[in-house]
Structures are given as C-alpha cells and as structure tokens.
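1. build me a model:
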Amino acid sequence: MSQAKLISETFVRPEIEVDEFKRVHHLNPIDVSRLLMDNSQPGYLYAKPPSNFTPSSYLELLRSSLSQTLVHFYPLAGRLKIKAIANSDVQTGSKPILTFQSLIAFVWKCITRARNLNPGDLTTCGLPLNLRPRFNPPLTNEYFGNYAIKAKTTVKVGDLLVNSIGWAATLLNKAVEAQDDKSARDIIKRAMEIGPVLVPPTRTCRSNDVIVASSPRFDVEASKFGLDRLVGYRGGYTNKGEGKVYAYSGSLGNGSMDLEIRLVPQTMAALLLDREFMSFVSPNNAYYDLVSKI
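-> Model (predicted):
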C-alpha cells in the first residue's frame, strides 16, 4: 500500500460575499432527523491524466469552483438495462417502468434470494424520492432543505421470489407515484406533530431490507476539472449498513450504472454465485487495475 503524498493545501473562502446568502437557514423536520448521520464520503477514481496535465492547474480549477459554491453555502461550510424485461411483465394500462426502478427491483430480488430468508418473512425496498416537485405548487430546485424520503414497498419474501422482475418493479413504481401533494404534506404534518426525532446512523437499514441511496442522475463527468475518464467510485464507510445500495452514473458510459452494495460476507458470497445476477454485471477491469496499485 503506497503512502498518500500531500502536494498542496489552501484555505478556500467565498469568491464574493453577498449579504442575501448570510441569512439564517431554518431546518425542516426531515433535516433535523438526520443531524446524527455522518457526512457522506464518496470518492471518485480517475485514470491517469493526460501528459499536459499539471497538478497546479487542476487545483486552481478546483479551488475556483469551491470558492463560487461557498458564495451560496458559506453559512453551512464545515458544519453540518433490465428495463425491457421488466416492462414486458407489466399489465396493459400500467405506467411504463423506469430503468432505475427495474434495476433496483432486480437487485432487491437477487439480494433477497442470496439471504436465504423464510418465505413468510417480510422484506422492504426503499427508493430515494425528491419531494420538491410533489408539492402543489412545487418547491423550486434551488430550495436548500432535504425534502427527500424513501418510497418504500414491503412484501413477503416468497411473493418476491416467485414473481417476475416486472411485478416487483411495478410495486416500486406505484410506491413512487403514490407520493403526491397530500402525502408530502402529511409527512411534514406528522413530523411537526411528533417533534424533532434524531435517527441514529445504525437505524438506516434493517437486515431483511434493501435501501437505495444516491442517484445515477448526478453527472460526475461534468466536474472532473481536466482529469481523465472516470474509472470507479469509493463510497467511504459512513452511513453504511447491511442491504444499503448506492447508485452512481456508470463509469463505463452508455447508460450504465455503478452500484455499491453492502452485505454481510455470507450473503455477498451467495450473491456472487447467483448466475442470473452475474449475467447482468459488467466487470470494471480498469477499476481493479487502478485499485491494485494503491
């Protein structure tokens, strides 16, 4: 294991100071509930940069970008391809299943099979959902608070395993579509009635469940500041638990997705022996070659 080498350090301040952005930021009940959770620590691995790349130019681009970002968020700084298969199983008249929902339905089913649970046990799958556009009128995309929840579906293990991917994907789709203005306001109303509840990081996922975090919609290629192509991700150790799945835009491109799946060793071993699961997995040789040299 090679040692990390410090090549530069600097203190980044806002590019300009705007009084409007110094106002107090009030936390909504969903924000308050997550104050005990650790900061996410995703890392991105890139291939060796081109020959004309210089660390000083890269660091200046990064410093400039962070400086512009802090103009808006300085008060908080330092504080706080299975789609076709699934759709073929959907009943006529149902809404088309999104690729992401199809993929997660497939992963949920494969993980549940690898866990070797009793058919009568319950298993839940939760998808991240942005509540901003669900309100009427909708909140703007610039709203800073975390109005995001998990759209959850709970079924018996036996039902999940004997039915098709399309069946599971349809349930996930319905759970997402059920979140409208009324349900979004009910969530906030209940949180206000109960009062602030801090959720400890150890309660982020139960042993029979699959909980998805992050999103493949985030375009990391757009913010690489002159580095070469993206090779892979390192998710860090915070807010992790059995059955936690992190989804990223695929480092292989062409609409692919990279998944970071956290499982206990015996379940992971069974998952890697699952022929159906492995038939849809593409090996990322560039990532393994790079990691082996770290």
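2. C-alpha from now on. contacts and neighbour counts both.
-> Will do.
3. average pLDDT across stretch 58-71?
-> Stretch 58-71 comes out with an average pLDDT of 79.
4. buried residues in it?
-> 59, 62-63, 65, 67-68, 70-71 (16 or more other CA atoms under 10 Å).
5. redo these as CSV? Include distance to Q266 and secondary structure.
-> Compiled in CSV, those are given as follows (distance: CA to CA, whole Å; DSSP: H, G, I helix; E, B strand; the rest coil):
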residue, distance to Q266, secondary structure
L59, 42, helix
L62, 41, helix
R63, 44, helix
S65, 43, helix
S67, 45, helix
Q68, 46, helix
L70, 44, helix
V71, 47, helix
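6. tabulate those residues (TSV), appending distance to E276.
-> Output for those, formatted as TSV (distance: CA to CA, whole Å):
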residue	distance to E276
L59	44
L62	42
R63	45
S65	43
S67	47
Q68	46
L70	46
V71	49
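7. which one of those is nearest to R262?
-> Comparing these against R262 with CA to CA places L62 closest, at 30.7 Å.
8. quick check: A247 vs A213, distance?
-> In this structure, A247 and A213 are 7 Å apart, going by CA to CA, to the nearest Å.
9. for the stretch 101-250 of the chain, which segments are assigned as helices?
-> For the stretch 101-250 of the chain, applying DSSP state H, counting those that start in this stretch gives helices covering 157-162, 165-177, 181-194.
10. gap between the spatially most central residue of the chain and A247?
-> The chain has S214 as the residue nearest its centroid, 1.3 Å off, counting by CA atoms, centre = their mean. Taken as CA to CA, the spacing of S214 relative to A247 amounts to 6 Å.
11. can you pull the contacts of the residue nearest to the centre of the chain?
-> If a contact means CA atoms under 8 Å, 6 or more residues apart in numbering, then S214 has 128, 246-248 as its contacts.
12. 10 Å instead?
-> For S214, the residues meeting the contact criterion (CA atoms under 10 Å, 6 or more residues apart in numbering) are 127-128, 245-249, 259.
13. before we move on, the earlier item: any residues in contact with both of A247 and A213?
-> By the contact definition CA under 10 Å, 6+ apart, A247 and A213 are jointly contacted by E260.
14. what about V281, how many neighbours?
-> Close neighbours of V281, defined as other CA atoms under 10 Å, add up to 11.
15. just name the most buried of the helices of the stretch 101-250 of the chain.
-> Of the helices of the stretch 101-250 of the chain, the one with the most neighbours on average (mean count of other CA atoms under 10 Å) is helix 165-177, at a mean of 22.
16. run the chain-centre distance for that one.
-> Taking CA atoms, centre = their mean, to the nearest Å, the mean C-alpha location of helix 165-177 is offset from the chain mean by 18 Å.
17. who are the packing partners of that helix?
-> Using 3 or more CA pairs under 10 Å, 6 or more residues apart in numbering; DSSP states H and E as the contact criterion, the neighbours of helix 165-177 among helices and strands are helix 83-88, helix 99-115, strand 122-130, strand 148-156, helix 157-162.
18. A178: which of these is closest?
-> Once the helices and strands packed on helix 165-177 are compared by CA to CA, strand 148-156 is nearest, at 8.7 Å.
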